[in-house]
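> predicted model and sequence follow; I will ask about them next.
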Amino acid sequence: MEQILIDFLGNNLVFLLLFALIIVAIYAGVRIVPQSEKHVVERFGRLRSVLGPGINLIVPFLDRIAHKISILERQLPTASQDAITSDNVLVQVETSVFYRIIEPEKTVYRIRDVDAAIATTVAGIVRSGIGEMELDEVQSNRQQLIERIKQQVADAVDDWGIEVTRAEILDVNLDQATRDAMLQQLNAERARRAQVTEAEGSKRSVELNADAELYAAEQLAKARRIQADAEAYATGVVAQAIADNGLEAAQYQVALKQVEALVKVGEGSGKQTVLLPTSVLDSFADAFGLLKGRT
């Protein structure tokens, strides 16, 4: 039995070795790349190809996977750098940059430490950008500065096969002396605004009072004018009556006024008896006589 097995192995050893070689070649030639990676293939130390996600074939024993590069978005550690504005204010800027590798063959063979290179580039761009702006512009135009940093960093790292996806300015810190000066300026501005508001309020109050007095004067003038028109109309009516009826109309009006006056006297409190002179009674008689004559 052993002799038969030895004879079989001796006769088929070549086939077994060939079969094993084929299995190893298949295993070495097939490469499965994850979705989040790209693999750089070298042949005899030189760039051969870049394998994308999925199943890929390479030449066994000649090609090898030299680098496995993640294409996921990356965030640089938060960096802080000093910068001086155009109005000579020292500020400390905290920045953060997000990027991803899109051409790993450039990243692998053109730059050694990509994170350090991007951080250095960002620091230079931030100092240059802030140096052209005043402190107020840095505070108010932060989004414009962010866009400028992103664009310039993207242009600088283009040869490295990198795409800058986002750049952020997290904070702009000032030294204590500048903070104190800005606080004093802010308090002075608040006081000035309060004084302006108070002055405008006083001015408005005076204007409203003047408008109210003017309105009251106009209304009083209107009332007096209406009263004068009424009196003029009444005088005209009396004059017309006198012109139409002669002296009797005038006497009739005088008698009516006397009667009205006596009625008011009689309406006074605590007066039960009213003594009338003879002339008054004669006036009553005249009035009634005139009234009777008119009817």
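Received it, and whenever you're ready, just let me know what you need.

> shaky segments in the stretch 101-250 of the chain?
Residue ranges of the stretch 101-250 of the chain with pLDDT under 70: 178-179, 181-182, 234-235, 237-250.

> all helices for the stretch 1-150 of the chain, in order.
Under the criterion DSSP state H, counting those that start in this stretch, the stretch 1-150 of the chain contains helices at 2-29, 104-110, 114-131, 135-140, 142-156.

> so for Arg190, which of the ones you listed sits nearest?
Nearest to Arg190, of all those, is helix 135-140, at 16.7 Å by Cβ to Cβ. (Each C-beta comes from the backbone N, C-alpha and C, glycine too.)

> ok, and what's touching the closest one?
Contact partners of helix 135-140, identified using Cβ atoms under 8 Å, 6 or more residues apart in numbering, comprise Thr85, Asp87, Val89, Val91, Ile130, Leu145, Val172, Leu174, Thr178.

> report the buried residues of that helix.
Leu135, Glu137, Val138 (16 or more other Cβ atoms under 10 Å).

> tell me how many other residues crowd the residue nearest to Val59 when sequence neighbours are not counted.
If the residues on either side of it in the chain are set aside, Val59 comes closest to Gly29, at 6.8 Å by Cβ to Cβ, 6 or more residues apart in numbering. Other residues lying near Gly29 total 15 when counted by other Cβ atoms under 10 Å.

> my read: Gly29 touches Arg64, true?
No - taking contacts as Cβ atoms under 8 Å, Gly29 lies outside contact range of Arg64: 11.3 Å.

> shared neighbours of those two, anything?
Ile58.

> in the protein, which helix is the longest?
helix 176-245 (DSSP state H).

> for that helix, name the packing helices and strands.
helix 247-266 (3 or more Cβ pairs under 8 Å, 6 or more residues apart in numbering; DSSP states H and E).

> quick one on the thing from earlier: which one among the buried residues of helix 135-140 gets closest to Glu218?
Glu218 lies nearest to Glu137 out of these, by Cβ to Cβ, at 54.1 Å.

> measure Gln227 to Glu213 for me?
Separation of Gln227 from Glu213 (Cβ to Cβ, to the nearest Å): 21 Å.

> taking the centroid of the chain, which residue is nearest it?
Nearest to the geometric centre of the chain sits Ser140, at 12.3 Å (Cα atoms, centre = their mean).

> from Glu42, how far off is that one?
Distance from Ser140 to Glu42, counting by Cβ to Cβ: 52 Å.

> same check on Ala177?
Look at Ala177 and Glu42: by Cβ to Cβ, they are 57 Å apart.

> all good on my end, thank you.
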